[in-house]
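# Provide a 3D model corresponding to the input given below.
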Amino acid sequence: MNRVDRCFVDLRQKQETGLIVYLTAGDPHHRETAELVRAVSHAGADLVELGIPFSDPAADGPVIQRAMERALSCGEMAPHTIEKALSIVADIRRDCEVPIALFGYANPMLQFGYTRLCSDAERAGADGLLVVDVPPEESADLDAAARASNLVRVPLLAPTTTVQRAAKIAACASGFAYYVALAGVTGAGTLRPSEVAEHLQTLRPALGNLPIAVGFGVKTAEQVRALAPHADAVVVGSALVEAIRTGKDPADRCAHAAQFVRKLKDACLSHV
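Take a look at the predicted model:
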């Protein structure tokens, strides 16, 4: 069983809401990313989205945009960003089994080749792909490559997604569905948990047994606590990237990341 699938089975058996966190590969440095992943895993993160740096991250807000710019400009990731992101995954797998979904955009993945990407990702130890700009009408090749390499392919749902559209999206997806909690880019806008909860309740029947995670705009433990009863997992990205930036050196950055993640995971558990 894929690590992502096993993660959600375990969470459901424990009747626990999962915590998914986002980190950009190579930010602030290539060599630090694996240590940050270990730190957040030990602090309670159930799954990690590892962002592949890209020069045009259209779905991401300024915090993650800057993280990707830092990763690309430091000279350790560019120009072979996918290969180097996978080398980070392989490093993590030396001693850490946290599920890892690669977060990215279609352009560099298509140029790399979907079959090669999925094969190399499986070999490195990745568990899935979250590609933000591949709709179901265009996902057949990516889906086939992911299935052949035992990777989950995580779809996105939006506040505007209808029940009929959700069913179509879920039919070609695996792992979990990522519900974008607000219109706009990551880390921006005003989150309204009550509206999110209402829409999730409407969409759930169309998803079957596919777990659903809520992200985009989730920044605080209070927001996590409000959303946790309504989702299988909650995703925090930009706020964690900002928390890491307050650290003055690698050890301090790992400590800041772990402290922040512990608060978020406590919030996930508060309704149990």
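# quick one, strands of this structure?
Ranges of strands in the chain, per DSSP state E, are 18-24, 47-51, 100-104, 128-131, 152-154, 156-157, 177-180, 212-215, 233-236.
# output the contacting helices and strands for the last one.
Applying 3 or more C-beta pairs under 8 Å, 6 or more residues apart in numbering; DSSP states H and E, we find strand 233-236 packed against strand 18-24, strand 212-215, helix 221-227, helix 250-269. C-beta coordinates here come from the backbone N, C-alpha and C atoms, glycine included.
# parallel or antiparallel, list what pairs with that strand.
Using DSSP bridges, the strands paired with strand 233-236 are strand 18-24 (parallel), strand 212-215 (parallel).
# got it, and the fourth one?
Paired neighbours of strand 128-131 in the sheet (DSSP bridges): strand 100-104 (parallel), strand 152-154 (parallel).
# please report the distance of Val89 from Ala167.
32 Å (C-beta to C-beta, to the nearest Å).
# so which of these two has more stuff around it?
Val89 (23 against 14; other C-beta atoms under 10 Å).
# which residues touch that one?
Going by C-beta atoms under 8 Å, 6 or more residues apart in numbering, Val89 touches Leu50, Ile100, Leu102, Ala121, Ala124, Gly125, Ala126.
# let's have those residues in a markdown table, adding distance to Arg31, neighbour count and pLDDT.
Supplementary listing: the contacts of Val89 in a markdown table, determined by distance: C-beta to C-beta, whole Å; neighbours: other C-beta atoms under 10 Å; pLDDT from 0 to 100:
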| residue | distance to Arg31 | neighbour count | pLDDT |
| --- | --- | --- | --- |
| Leu50 | 15 | 26 | 98 |
| Ile100 | 17 | 26 | 98 |
| Leu102 | 19 | 27 | 98 |
| Ala121 | 20 | 26 | 98 |
| Ala124 | 16 | 19 | 98 |
| Gly125 | 18 | 17 | 98 |
| Ala126 | 19 | 28 | 98 |
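# from those residues, pick the one nearest Val241.
Leu50 (12.3 Å; C-beta to C-beta).
# export stretch 240-248 as PDB, just CAs?
The C-alpha trace of stretch 240-248 is given here as PDB (Å, rounded to 0.1, in the frame of the first residue of the first chain):
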ATOM      1  CA  LEU A 240       5.000  27.300   7.900                       C
ATOM      2  CA  VAL A 241       7.400  28.800   5.300                       C
ATOM      3  CA  GLU A 242       7.100  32.100   7.100                       C
ATOM      4  CA  ALA A 243       7.700  30.500  10.500                       C
ATOM      5  CA  ILE A 244      10.900  28.800   9.200                       C
ATOM      6  CA  ARG A 245      12.200  32.100   7.900                       C
ATOM      7  CA  THR A 246      12.400  33.500  11.400                       C
ATOM      8  CA  GLY A 247      15.100  31.000  12.300                       C
ATOM      9  CA  LYS A 248      18.700  32.400  12.300                       C
END
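# just the buried residues of that stretch, please?
Leu240, Val241, Glu242, Ala243, Ile244, Gly247 (16 or more other C-beta atoms under 10 Å).
# just stretch 42-56 next, same as before
Ala43, Gly44, Ala45, Asp46, Leu47, Val48, Glu49, Leu50, Gly51, Ile52, Pro53, Phe54.
# try stretch 23-31
In stretch 23-31, counting by 16+ other C-beta under 10 Å, buried: Leu23, Thr24, Ala25, Gly26, Asp27, Pro28, His29, His30.
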